[in-house]
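Colleague: Take this sequence and fold it.
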Amino acid sequence: MSWFTKTLTSSIGRKLMMALTGLFLITFLIIHASGNLQLLANDGGKAFNMYTKFMTTSPIIKTVSYILYASIIIHVIWAIMLTRLNQTARPAGYEYDKLGQSSSWASRSMMLLGTIILIFIVIHMKTFWFVYKFGSIDMVSYDGEEYKDLYSVVVDAFKNPLYTGFYVVSMVFLAFHLAHGFWSGFQTLGLNHKKYTPLIKTVGLIIAIVIPIVFAIQPVYVYLFA
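Modeller: Model prediction:
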């Protein structure tokens, strides 16, 4: 076993991979939330469908997508492994009596929050990504060029109050996950200093509030106005 493999499979290595993949996923969320604001354009879905085609045909974006899928898988697997290790190493009495006094609910519930978010991702990808890639989807034409009409698929999904409600509630869980995950990621990377930690926590809180709100606005807007 090489030093690189030993490092990745060690406790420190797993935490490092969790931090790097987590921060990468946060970067993706910022870009994804910004791009999906095309849904709010009052143009019958033209901007969104054109944006979707670009995101699914650009070689650079497709390459980044593979990194994204790998990051999600690594993040989930390492989270499960670290949670089991922590549960094994921590005495039950200490966990019950002391943990709640020194940590936030979000930090103690990262596994629960991550599980809910993972369920959301699976349902979300099945509803949109799978349909776009493999389902039967109508075509529309803009300026003589054809595009898959994912906008209509999105509208149909968000017109369902149960799905929209599920989407919005999932964003609440995402907010809690981000609130702890952003700061924790920088702490794992060693960027924990009295000068910088307050700023990192503030930026993390802003991201944890703004990004889920931007995502949640989209289905609510479509449900009410599209």
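Colleague: Report back the residue of the protein that's furthest from centre.
Modeller: Relative to the C-alpha centroid of the chain, counting by CA atoms, centre = their mean, Gly144 is the outermost residue, at 35.0 Å.
Colleague: Who are the packing partners of the host helix or strand of Ser65?
Modeller: Here Ser65 sits within helix 59-89, counting by DSSP states H and E. When contacts are defined as 3 or more CB pairs under 8 Å, 6 or more residues apart in numbering; DSSP states H and E, helix 59-89 packs onto helix 11-35, helix 46-57, helix 110-124. From N, CA and C alone the C-beta is placed, and that goes for glycine too.
Colleague: could you give the angle of it to helix 110-124?
Modeller: Per axes from the mean of the first three to the mean of the last three CA atoms, to 10 degrees, the angle that helix 59-89 makes with helix 110-124 is 150 degrees.
Colleague: got the buried residues for helix 59-89?
Modeller: Buried residues in helix 59-89, defined by neighbour count with 16 or more other CB atoms under 10 Å: Leu68, Ser71, Ile72, Ile74, His75, Val76, Trp78, Ala79, Leu82.
Colleague: what's the answer for stretch 116-134, then?
Modeller: Ile116, Ile117, Phe120, His124, Thr127, Phe128, Val131, Tyr132.
Colleague: residue contacts, the second one?
Modeller: Spelled out, it's Ile117. Ser170, Phe173, Leu174, His177 (CB atoms under 8 Å, 6 or more residues apart in numbering).
Colleague: correct me, but the last one touches Leu113?
Modeller: I take that to be His177. Yes: counting by CB atoms under 8 Å, His177 does reach Leu113; the two are 4.2 Å apart.
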